[in-house]
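Undergrad: Curious how this folds, go ahead:
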Amino acid sequence: MRTGLPKSTVHRTAQQMTALGWLTYDEGRYSLGTRMFELAGLSSVRHELREAALPYMEDLYEATHITLHLGVRKGHEVLYIEKIGGHDRITDLTHVGGSMPLYCTGIGKSLLAFSPESVLEDVLSRGLVKRTQATITSPTQLRRELNTIAETSVSFDREESSVGVCCIAAPIYGPDRTVVAAMSVTGRVSRNRLDRLAPAVITAALGASRTLAGQRRPPRPPLRRMPATAT
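TA: Next up, the predicted model:
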């Protein structure tokens, strides 16, 4: 084989890439998967966001030594477009090009809090699946938390997406004063330390916003009020 790798290794790698959406398999042949085309379509967006956010992510990682993520909304999921760190295997659940639900992740809730009401309704209609004992499964409770996030610009995942994993995230604003992405720190973090990290995460996200927007003051979009009533 051209790669020089054993057939068993190539087969196992191809299966993993197929599971991740990088490849598709049909009638004995492999071809590029949908994930490749999705990332290609986001290449310009990813480049701009990465250039704006990466310096702040690197500084934040050096200060915390906790895994950093950069994500955007793709439908009802978070699409991760950058990741720094990952020495702790507990964060292996995420990877660049991978996705997670909006309603139970730090980045996801940060993006959902500033998304149109129709996006939230779509998420709720799909059901809030219980991933851990801490997952928010009540539409009313989720709405209340999103209202708080819209007011404070900080969101938390307290073992809601995976047992043992905590996360704190903040939104990144684009030139048109809308939230285009979010940044987070993720790992084995105690709740007390998670709270103490909030100002640093917010500062890093606003720094990326200033760079992305090309203006001195970070943009502040109008708060989107959502009724805290069950649907």
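
Undergrad: all contacts plus neighbour counts: C-alpha atoms, from now on.
TA: Will do.

Undergrad: what pLDDT, on average, does stretch 214-227 get?
TA: For stretch 214-227, the mean per-residue pLDDT is 48.

Undergrad: Repeat that for stretch 8-16.
TA: Per-residue pLDDT values over stretch 8-16 give a mean of 70.

Undergrad: Could you do stretch 124-139 as well?
TA: For stretch 124-139, the per-residue pLDDT averages 94.

Undergrad: show me where this protein has helices.
TA: Applying DSSP state H to the chain gives helices spanning 7-20, 34-41, 43-64, 106-113, 117-126, 139-152, 191-213.

Undergrad: which of those helices is buried the deepest?
TA: Mean neighbour counts were compared across the helices of the chain using mean count of other CA atoms under 10 Å; the top stretch is helix 106-113, at a mean of 30.

Undergrad: what packs against it?
TA: In this structure, helix 106-113 packs against strand 67-74, strand 77-84, helix 139-152, strand 155-158, strand 166-173, strand 179-187, with contacts taken as 3 or more CA pairs under 8 Å, 6 or more residues apart in numbering; DSSP states H and E.

Undergrad: how much does the longest one deviate in direction from helix 191-213?
TA: Between the axes of helix 139-152 and helix 191-213, defined by axes from the mean of the first three to the mean of the last three CA atoms, to 10 degrees, the angle is 60 degrees.

Undergrad: Who are the packing partners of helix 139-152?
TA: Here helix 139-152 is seen to pack against helix 106-113 when contacts are counted using 3+ CA pairs under 8 Å, 6+ apart.

Undergrad: Return the distance of the helix it packs on from the chain's centre.
TA: Relative to the mean C-alpha coordinate of its chain, helix 106-113 is positioned 8 Å out (CA atoms, centre = their mean, to the nearest Å).

Undergrad: what about the helices and strands packed on helix 106-113, which gets the closest to residue 207?
TA: For the helices and strands packed on helix 106-113, the distance to residue 207 is smallest for strand 166-173, at 8.6 Å, taking CA to CA.

Undergrad: give me the low-pLDDT residue ranges for the chain?
TA: Residues of the chain meeting the criterion pLDDT under 70: 1-5, 9-11, 14, 17, 19-46, 86-93, 189-192, 215-231.
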